[in-house]
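Engineer: just to be clear, the model below is a prediction. Sequence and coordinates:
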Amino acid sequence: MQTSRRDLLIGAGAFTAAGVLPHRSRAAEARITHGLSSFGELKYPADFPNFDYVNPEAPRGGSFSAQLTQTFGNQAFDTFDTLNAYVFRGNGAAGMNLTFDTLMVRALDEPDALYGLVARAVEISQDGLTYRFFLRPQAHFNDGTRLTAKDAAFSLTILKEKGHPTISQVIRDMAEATAENDETLVVRFAAGRSRDLPLVVAQLPIFSATFFASRDFEEPTLQAPLGSGPYRVSRMDIGRFIELERVPQYWAADLPVTVGQNNFERVRYEYFRDRQVAFEAFKGGAFTYRQEYTSRIWATGYDFPAVREGRVKRDTLPDESPPNIQAWYFNTRREAFKDPRIREAIGLCFDFPWTNRSAFYGAYTRTSSFFEKTDLMANGTPSAEELTLLEPLRDKLSAIVAPYVFGEPWSPAVADGSGQDRALLKRADTLLKEAGCKRDGGRLLLPTGKPLEFEFLDNDPVFEPVIQPFIKNLGLLGIKASQRVVDVSQYQARMRDFDFDISSRASGADPTPGPEVRESYGSRSAGIAGSNNLAGVSDPAVDALLDKVVAAGSRAELTIACRALDRVLRAGRYWIPAWYSPNYKLAVWDVFGHPDKPPKYGLGAPGLWWFDEAKAARIGRN
């Protein structure tokens, strides 16, 4: 996504209303709930009919098609060679998450609340270390076989043992998962487990134990694993597309957590190796939904016949969730990047105002925080509550880092927008000298005597207009930098193995950070191939604050812990913060309906959208 935390439960009344009575002796020690949240805050009662942000009368039918733009697990953007996206090996196909159900699902208008899907309720022991999930008896896989607690226990166990590191490392404090009977899954957690670990576990996919009884879970496969979700794989062409079809008799179609959702008859993801080719394909109608991430195309590319004729619509919707932030990450496993002053000096050569104006048409906002645009972001000097967490760590912080922890938080310097800010270049030169670097003619030497040379690793030349001026400024300081663009498969492999100097990535944050932050910034994850700790952060002060974040017992405690963590991470200068967009930019062929306003914590496409036959007929796409 502990010993001190708020009650996660709402009492046994809701559970009893569902018609399930726990054993009397255990009921005295445990509490029952129809939903979970980090701090016990649930918006919806046990008998809610549907989420407020859905259209419960949304029609079903039609198709949705898009290019893959966000990945999880082992997925790659340009191709796939396996239908298991939850392991380390291979490149997983898009949309496979739609083929599996989970114990519980997120409410997109609450920061962290879950409500029952496969599980109709959950009983939680008094010490918070044992969770009994009571499964719905009608749950079944898409071949008609019953989904039982045995399948759920198998799934959680195999994901801990053989799942992708971004999953297995987060759930490592899940001690065991067992089936008490067909309808009761018992999950036990280690003492000291993170606050939100049960929420993570409740959102993991459920596989068929029978299906994998004679198959290697880690082996890449093009046979679709048996699922119980609203969709199943229909057609595919490796490197080109994968199409999923809605399951006609989806067992959970009328549950409150699914009403008004999963409306398309078909969902299809198209693959492209080139962004411009993908855009041309969209213009020609090869796919119908496009979330635009390239500001140049958004500003200049949408003057084509389908737009002028009203067949393609553009829309800008507010994004109230924590933003996806773009940044360059230093691989601090490299000797050249060990000193924060060297890292800061390199970042000073990036002129964001000039780049935003000349390359991005002013579309972006500069990032400064790991918790950008949220209450978790550090501002000003530390509060008394923050100092309570930070003071015991003072001896763990170097003299280079401490001033930014106990004073104003570190933020990227604001350039003058000329493209070559002489004042910032002079400041960078001073920092390099303080770090022990020396000039040797036109080269800058590290304290070891080796030249400071590195490459920006990318999988797309789209950032060339941004990086080349950056490289030019670095050259003025005697730093030899270059940009290397490799194919997506090679890029994925190198990133998994941390075989890079500096690389850019867009990443989002959860409104309620939990155990996943350890996987991104914790010392343990720094050496695990495939983890999200790209920078290789390995700092005892960071680890101590991560413990505070995942154990926070209230939202107020979480806010203080995150602000303190933000100060230490920013002071470490592990990244060159770049930019984020405050809005969703959408271009769609005019065949869709959708709720008037997206929920606060997600756009909701394709899940909440639907096919509008009247619109489609008007533009000849019915």
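Structural biologist: Arrived safely, thanks for sending. Note that the structure is a prediction, hence the values are computed from the model and not measured.
Engineer: how about the helices in the stretch 251-400 of the chain?
Structural biologist: Residue ranges of the helices in the stretch 251-400 of the chain, as given by DSSP state H, counting those that start in this stretch, are 275-283, 295-300, 305-308, 340-347, 352-358, 384-390.
Engineer: so which residues make contact with the second one?
Structural biologist: Meaning helix 295-300. 279, 292, 359-361, 363-364, 585 (CB atoms under 8 Å, 6 or more residues apart in numbering). (Each C-beta comes from the backbone N, C-alpha and C, glycine too.)
Engineer: one more time with 10 Å, if that's ok
Structural biologist: Helix 295-300 is contacted from outside by 275-276, 279, 282, 290, 292, 314, 316, 356, 359-364, 462, 465, 579, 581, 585, 587, using CB atoms under 10 Å, 6 or more residues apart in numbering.
Engineer: geometric centre of this protein: which residue is closest?
Structural biologist: Central residue of the chain (CA atoms, centre = their mean): residue 508, 5.0 Å from the mean position.
Engineer: which ones are touching that one?
Structural biologist: By CB under 10 Å, 6+ apart, residue 508 lies in contact with 70, 321-325, 580.
Engineer: looking at the residues you listed, which one is closest to residue 105?
Structural biologist: Of all the contacts of residue 508, residue 105 sits closest to residue 321, with 16.7 Å by CB to CB.
Engineer: what about the closest one, how many residues close to it?
Structural biologist: Using other CB atoms under 10 Å, residue 321 has 21 other residues around it.
Engineer: repeat for residue 475
Structural biologist: By other CB under 10 Å, the residues close to residue 475 number 14.
Engineer: the nearest residue in space to residue 476 that is not next to it in sequence and residue 343, how far apart?
Structural biologist: Distances taken as CB to CB, 6 or more residues apart in numbering put residue 425 closest to residue 476, at 6.0 Å, once the chain neighbours are dropped. According to CB to CB, to the nearest Å, residue 425 stands 16 Å off from residue 343.
Engineer: these two: who's more crowded?
Structural biologist: Between residue 425 and residue 343, residue 343 has the larger neighbour count (other CB under 10 Å), namely 22 against 19.
Engineer: help me confirm that the more buried one comes into contact with residue 576.
Structural biologist: Yes: between residue 343 and residue 576 there is a contact at 7.9 Å, judged by CB atoms under 10 Å.
Engineer: tell me, what's touching the two both at once?
Structural biologist: By CB under 10 Å, 6+ apart, residue 343 and residue 576 have these common neighbours: 330, 502.
Engineer: mind naming the longest helix for this protein?
Structural biologist: With DSSP state H applied, the helix covering the greatest number of residues in the chain is identified as helix 555-572.
Engineer: distance between it and the chain's centre?
Structural biologist: In terms of CA atoms, centre = their mean, to the nearest Å, the gap separating the centre of helix 555-572 from the centre of its chain is 19 Å.
Engineer: ok, now stretch 424-443?
Structural biologist: The answer for stretch 424-443 is 37 Å, by CA atoms, centre = their mean.
Engineer: going forward, begin numbering at 27 instead of 1
Structural biologist: New numbering, starting at 27: the last item is stretch 450-469.
Engineer: so for it, mean pLDDT?
Structural biologist: Stretch 450-469 shows a mean pLDDT of 97.
Engineer: show me which residues of it are buried.
Structural biologist: Going by neighbour count (16 or more other CB atoms under 10 Å), the buried part of stretch 450-469 is 450-451, 454-455, 457-458, 461, 463.
Engineer: kindly report the same for stretch 435-445.
Structural biologist: So stretch 435-445, judged by 16+ other CB under 10 Å, has buried residues 435-436, 438-439, 441, 445.
Engineer: could you export that stretch as PDB, CA atoms only?
Structural biologist: Written as PDB, here are the backbone C-alpha positions of stretch 435-445 (Å, rounded to 0.1, in the frame of the first residue of the first chain):
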ATOM      1  CA  PRO A 435      12.100  21.400   2.200                       C
ATOM      2  CA  TRP A 436      14.300  21.000  -0.900                       C
ATOM      3  CA  SER A 437      12.700  22.000  -4.100                       C
ATOM      4  CA  PRO A 438      14.100  22.300  -7.600                       C
ATOM      5  CA  ALA A 439      15.400  25.800  -8.400                       C
ATOM      6  CA  VAL A 440      13.300  28.000 -10.600                       C
ATOM      7  CA  ALA A 441      15.200  28.800 -13.800                       C
ATOM      8  CA  ASP A 442      14.900  32.100 -15.600                       C
ATOM      9  CA  GLY A 443      13.400  30.500 -18.700                       C
ATOM     10  CA  SER A 444      16.200  31.500 -21.000                       C
ATOM     11  CA  GLY A 445      17.200  27.800 -21.700                       C
END
